[in-house]
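>>> Curious how this folds, go ahead:
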Amino acid sequence: MTRPIVAFDTETATSRGAPHLIEIAAVRAVGGEIVDRFEAFVRPEVPIEAAVTEVHGLVDDDVRDAETAGVVLARFTQWAGEDWLVAHNASFDAAVLAFEAERYGVELSTAPILDSLKLARRFIADSPDHKLGTLVEHLELDVGRSHRALPDAVACWLVFEECRARSGLDETTWWGEAVGRGGRTTFRGSRPRMPRLTQRLRGLEAACRERVRVTVVYGDGENAPARLAIVPRLFFESGERSYLEAECVRSGLLKTYRLDRIQRVEAG
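Numbers count the residues shown, from 1 in each chain. Now for the predicted structure:
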């Protein structure tokens, strides 16, 4: 029996730090044919950076009236069900959705996520490189503008199908090969890593869980420390550093703070 596959792609508001979703699209394919599509803009809690606008062309006004990530993720999860997924550079797209799921308390699919980038390196070795745009040109795929979610989701699926065709394997053997060569990323494994909190920062953990306001003394060692009122939202690690994403009470904006610069936590 032919296994359905859902190829998906995301676009984000930020290029550094914690990702913020602004667009998601996916196609469901069965037996080599697209049978359904999903596409949605997302209103992020942070401004879209100019650097990423240069990549995908989206600006704040494009998504100002869109639904929040929590609403869109719940719809996407219901639409995708437990079908196997595929994304190009799957660890990135999985992390984008996993971060938003953590922010909004959404349960994502437990299905495996295959990586068409890893598969292309194995089965499309003649391509100059294995970026999705390069593969689109190399395979002469007609998918429309790159770096937008729906065309890239279609391109991801076509690359996946090309890998399947070049493998020469029957369907049963192919799925085993796809898992072996294309990895088996999961949303659960892509969730933000919770840093180990020192005793002086333990109050942030409860504040984050209960979404209550606290005041922190924050400084970089060079300037005088400031007392900041914040509502903690999300802890994560990136590289060798640990961070807190929190709403700044004064500005109402979602900001990122380095944990090693938080000198003291006070009650709200």
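>>> who touches V143 in this structure?
With contacts defined as C-beta atoms under 8 Å, 6 or more residues apart in numbering, V143 is in contact with 136, 151-152, 154-155, 158. Heads up, the C-betas are built off the backbone N, CA and C, glycines and all.
>>> List the pairing partners of whichever strand in the chain runs longest within its sheet, with orientation.
Criterion DSSP state E: the longest strand present in the chain is strand 226-238. Strand 226-238 has its sheet partners listed here by DSSP bridges as strand 214-218 (antiparallel), strand 241-248 (antiparallel).
>>> JSON lines please, covering those strands and showing mean pLDDT, mean neighbour count and distance to S127.
Converted to JSON lines, those look like this (pLDDT from 0 to 100; neighbours: other C-beta atoms under 10 Å; distance: least, C-beta to C-beta, whole Å):
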{"stretch": "strand 214-218", "mean pLDDT": "94", "mean neighbour count": "18", "distance to S127": "47"}
{"stretch": "strand 241-248", "mean pLDDT": "95", "mean neighbour count": "19", "distance to S127": "35"}
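>>> so which of these gets nearest G183?
strand 241-248 (26.1 Å; C-beta to C-beta).
>>> could you dump the closest one to PDB, C-alpha only?
Taking Å, rounded to 0.1, in the frame of the first residue of the first chain, the C-alpha atoms of strand 241-248 are listed here in PDB:
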ATOM      1  CA  ARG A 241      24.900  30.000  25.800                       C
ATOM      2  CA  SER A 242      21.600  29.900  27.600                       C
ATOM      3  CA  TYR A 243      18.800  32.300  27.000                       C
ATOM      4  CA  LEU A 244      15.400  33.400  28.300                       C
ATOM      5  CA  GLU A 245      12.700  34.700  26.000                       C
ATOM      6  CA  ALA A 246      10.400  37.000  27.900                       C
ATOM      7  CA  GLU A 247       7.900  39.800  27.400                       C
ATOM      8  CA  CYS A 248       9.300  43.200  28.400                       C
END
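>>> Next secondary structure element downstream of it?
Following strand 241-248 in sequence order, the next helix or strand is strand 254-258 (DSSP states H and E).
>>> Where do the domain boundaries of this structure fall?
Annotated domains of the chain cover 5-190, 199-266 [automatic domain parsing].
>>> on that earlier part again, for C208, find the nearest of the strands paired with strand 226-238.
That would be, of those and by C-beta to C-beta, strand 241-248, which comes in at 7.8 Å.
>>> List of residues touching the closest one?
Outside strand 241-248, the residues that reach it (C-beta under 8 Å, 6+ apart) are 17-18, 195-196, 204, 208, 228-237, 253-260, 262.
>>> run the last query once more with 7 Å
18, 195, 204, 228, 230-236, 254-259 (C-beta atoms under 7 Å, 6 or more residues apart in numbering).
>>> What is the end-to-end distance of stretch 57-77?
Across stretch 57-77, the terminal residues are separated by 26 Å (C-alpha to C-alpha, to the nearest Å).
>>> before we move on, what about stretch 124-135?
Stretch 124-135 end-to-end distance (C-alpha to C-alpha) = 9 Å.
>>> Equivalent analysis for stretch 57-71, please.
First-to-last residue span, stretch 57-71, C-alpha to C-alpha: 23 Å.
>>> just to revisit the earlier point, of the domains of the chain, which stretch is the most buried?
domain 5-190 (a mean of 18; mean count of other C-beta atoms under 10 Å).
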